[in-house]
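Chemist: what's the 3D shape of this:
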Amino acid sequence: MELIVISAPDVVANEAPIINRLFGAGLRRFHLRKPGWNIGRCIDLLAQIDRSYHHAIVCHQHHRLVKVFGMNYLHFTENDRIKTDQSELLAMVNEGYRLSTSIHDVSAMPMLQHFDYTFLSPVFSSISKPGYRSILPADFCLDKSMPLPKVFALGGIDESNLEQVKEMNFDGAAVLGSIWQDPEQAVSNFINIKKVTEQLNS
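Modeler: Sure, this is the predicted structure:
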């Protein structure tokens, strides 16, 4: 199982140093998701992150920043994916970019042929969004018999339910609230979750 961290959507004190420390602690992919931020604020944050980690950052907004900062990944929200022509997505893949997206229903997966991976959410009731309840039955198991992109569980994930994520046949987990609900503990929380992931992979 792989592990992805998604940024808090709002301002976090000392965010760039925390992100650098997360990478230093073994993070391999970080989704920069700041839906309310203009491009200038995103540039300011990215400029404070060690450039050796830029290749592992996935850009959610202001996709032109990938060329500025040498990033390899682009993320499309569900709405943006639906509005983007398949030929445009293919052109991005041919340029060498790796694409990710989000879905809320497994029936959308056959339409994701140009994407490396997708988030499926909410798998559990969200930690960071009160009232954002799980959409999946307790006995859910992802059918991997079809050639699909990798699927990452998102929503309400912490070290207590990672084993269940694996049993559901997900390729990995994306965490947000369990990391950022207490930014001062973000790195230690990540290390704890990473340890459980490694145990499940062994």
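Chemist: where does the prediction get shaky in this structure?
Modeler: Low-confidence segments of the chain (pLDDT under 70): 128-131.
Chemist: could you redo the last one with a cut-off of 80?
Modeler: Low-confidence segments of the chain, defined by pLDDT under 80: 125-133, 135, 138, 146-147.
Chemist: helices of that one, start to end?
Modeler: For the chain, helices defined by DSSP state H occupy the ranges 15-24, 39-48, 65-69, 78-83, 86-94, 162-167, 177-180, 186-201.
Chemist: what sits up against the first one?
Modeler: In other words, helix 15-24. Helix 15-24 is contacted by residues 5, 7-8, 12, 30, 45, 48-50, 53, 56, 179, 183, 186-187, 190 when judged by C-beta atoms under 8 Å, 6 or more residues apart in numbering. C-beta: built from backbone N, CA, C; applies to glycine.
Chemist: what angle do that helix and helix 39-48 make?
Modeler: Orientation check (axes from the mean of the first three to the mean of the last three C-alpha atoms, to 10 degrees): helix 15-24 against helix 39-48 gives 50 degrees.
Chemist: picking that back up, point out the most buried one among the helices of the chain.
Modeler: Ranked by mean neighbour count, the helices of the chain are led by helix 177-180 with a mean of 22 (mean count of other C-beta atoms under 10 Å).
Chemist: check which helices and strands that helix is in contact with.
Modeler: Applying 3 or more C-beta pairs under 8 Å, 6 or more residues apart in numbering; DSSP states H and E, we find helix 177-180 packed against helix 186-201.
Chemist: hey, C-alpha coordinates of the helix it packs on in PDB?
Modeler: This file holds the C-alpha atoms of helix 186-201, laid out as PDB (Å, rounded to 0.1, in the frame of the first residue of the first chain):
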ATOM      1  CA  ALA A 186       1.800  16.500  11.700                       C
ATOM      2  CA  VAL A 187       5.200  14.800  11.200                       C
ATOM      3  CA  SER A 188       4.800  12.400  14.200                       C
ATOM      4  CA  ASN A 189       1.200  11.600  13.000                       C
ATOM      5  CA  PHE A 190       2.600  10.800   9.500                       C
ATOM      6  CA  ILE A 191       5.400   8.700  10.900                       C
ATOM      7  CA  ASN A 192       2.800   6.600  12.900                       C
ATOM      8  CA  ILE A 193       0.600   6.100   9.800                       C
ATOM      9  CA  LYS A 194       3.700   5.300   7.700                       C
ATOM     10  CA  LYS A 195       4.800   2.600  10.200                       C
ATOM     11  CA  VAL A 196       1.400   0.900  10.000                       C
ATOM     12  CA  THR A 197       1.500   1.000   6.200                       C
ATOM     13  CA  GLU A 198       4.900  -0.500   6.100                       C
ATOM     14  CA  GLN A 199       3.800  -3.300   8.500                       C
ATOM     15  CA  LEU A 200       0.800  -4.100   6.200                       C
ATOM     16  CA  ASN A 201       3.200  -4.200   3.200                       C
END
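Chemist: neighbouring contacts of that helix?
Modeler: By C-beta under 8 Å, 6+ apart, the residues outside helix 186-201 that reach it are 1-3, 5, 18, 21-22, 25-27, 158-159, 162-163, 166, 172-173, 175, 178-180, 182.
Chemist: before I go, just wanted to say thanks for your time.
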